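# below is the sequence, then the predicted model.
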Amino acid sequence: MTTQLEFWKSKVGFEYSFRDKNRITQENIQKLHRDWGKILVHALNPYPQSVLEVGCNIGRNLIVLGNYIDDLHAVEPNAEACQAVRKNKNLEQVTLTESDGFTLPYPDNSMDMVFTSGVLIHIAPNDLDQMIREIYRVSKHYIVCIEYFSHEPQEVSYHGKNGLLFKRDFGGLYLDTFPSLRALDYGFFWQRFDSSDNSHWWLFEKN
């Protein structure tokens with residue numbers, strides 16, 4: 001188990017992740033609807049019928065995606081976060097596994113779309129390759145990456161703690177690792193302009 005995964009599986013990790021922007025409120029869900037609308041408009045041929053979120057936290061993204069896609073799946077390493085998902089009546093259709101992104105419990109090419117949102121930033125650079133290869137393996141058509149961006153890899157203090165947040169060009173990492181991927185679109189969610197967070201996003205098609 002990595003140092004980062006050990007932290008996020010802990011009660012302290014759950015409390016850190018369960019902050020204002022992660023809460024399930026009408027305002028946050030409305031913002032996520034706008035964010036996902038910008039992404040899914042470019043994933044139409046074929047339109048995804050199944051989706052897997054790697055690191056779903058308490059399921060905000062899945063609540064939104066449930067309006068567009070019926071077959072929802074997720075893995076989440078934190079037991080308390082999993083419990084919150086299972087108790088949420090708006091997430092009853094989600095197939096949830098208490099696990100992590102390093103060994104996804106799904107066959108090759110089994111999910112139309114696989115995505116992370118604010119997850120890869122919490123993976124140490126030496127461990128990133130294993131996770132994105134698992135995401136690529138399981139994806140059948142699309143990969144969505146929603147993460148913080150930096151031109152050069154850098155570590156950033158996370159609420160005063162070190163070793164928990166790493167920024168880089170995650171889109172470039174995917175393309176450099178998997179040259180056959182095609183970038184369908186990319187963009188920036190600007191929190192000041194009524195988005196869910198200040199994050200860059202990439203939508204890739206798997207050929």
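That came through fine.

# for the worst-scoring helix or strand of the chain on mean pLDDT, which helices and strands make contact with it?
Using mean pLDDT, DSSP states H and E, helix 11-17 stands out as the lowest-scoring helix or strand of the chain, at a mean of 76. For helix 11-17, the packing partners by 3 or more CB pairs under 8 Å, 6 or more residues apart in numbering; DSSP states H and E come out as helix 3-9, helix 79-87. Backbone N, C-alpha and C define where each C-beta goes, glycine included.

# what's in contact with that helix?
Residues outside helix 11-17 that contact it (CB atoms under 8 Å, 6 or more residues apart in numbering) are Phe7, Trp8, Asn57, Asn78, Glu80, Ala81, Tyr158, His159.

# picking that back up, so which of the helices and strands packed on helix 11-17 is nearest Asn207?
For Asn207, the closest of the helices and strands packed on helix 11-17 is helix 3-9, at 31.0 Å, according to CB to CB.

# all helices in the chain, in order from the N-terminus.
In the chain, the helices defined using DSSP state H lie at 3-9, 11-17, 26-40, 60-65, 79-87, 125-138, 170-177.

# in this structure, what residue sits furthest out from the centroid?
Distance to the chain centre peaks in the chain at Gly160, reaching 23.2 Å (criterion: CA atoms, centre = their mean).

# quick one: pLDDT of it?
Looking at Gly160, its pLDDT is 88.

# weakest of the helices and strands packed on helix 11-17 in terms of mean pLDDT?
It's helix 3-9: among these, that one has the lowest mean pLDDT, namely a mean of 89.

# for Ile135, which non-adjacent residue is spatially closest?
Distances taken as CB to CB, 6 or more residues apart in numbering put Val114 closest to Ile135, at 5.0 Å, once the chain neighbours are dropped.

# tally up the residues packed near Glu205, please.
Here the number of neighbours of Glu205 (other CB atoms under 10 Å) works out to 17.

# what bridges to it?
Beta bridges link Glu205 to Tyr142, Arg182 when assigned by DSSP bridges.

# thought Lys140 was touching it, still the case?
No. Counting by CB atoms under 8 Å, Glu205 stays clear of Lys140, with 10.5 Å between them.

# joint contacts of the two?
Overlap of the contact sets of Glu205 and Lys140 (by CB under 8 Å, 6+ apart) is empty.

# so which bits of stretch 150-170 are buried?
Buried positions in stretch 150-170, judged by neighbour count with 16 or more other CB atoms under 10 Å: Ser150, Tyr158, Leu164, Leu165, Phe166, Lys167, Arg168, Asp169, Phe170.

# make a ChimeraX selection of the buried ones in the contacts of helix 11-17.
Burial among these is assessed by 16+ other CB under 10 Å; the matching ChimeraX selection reads:
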select :7,8,57,78,80,81,158
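
# now, which of the contacts of helix 11-17 sits nearest Leu120?
Nearest member of those to Leu120, counting by CB to CB, is Trp8, at 12.6 Å.
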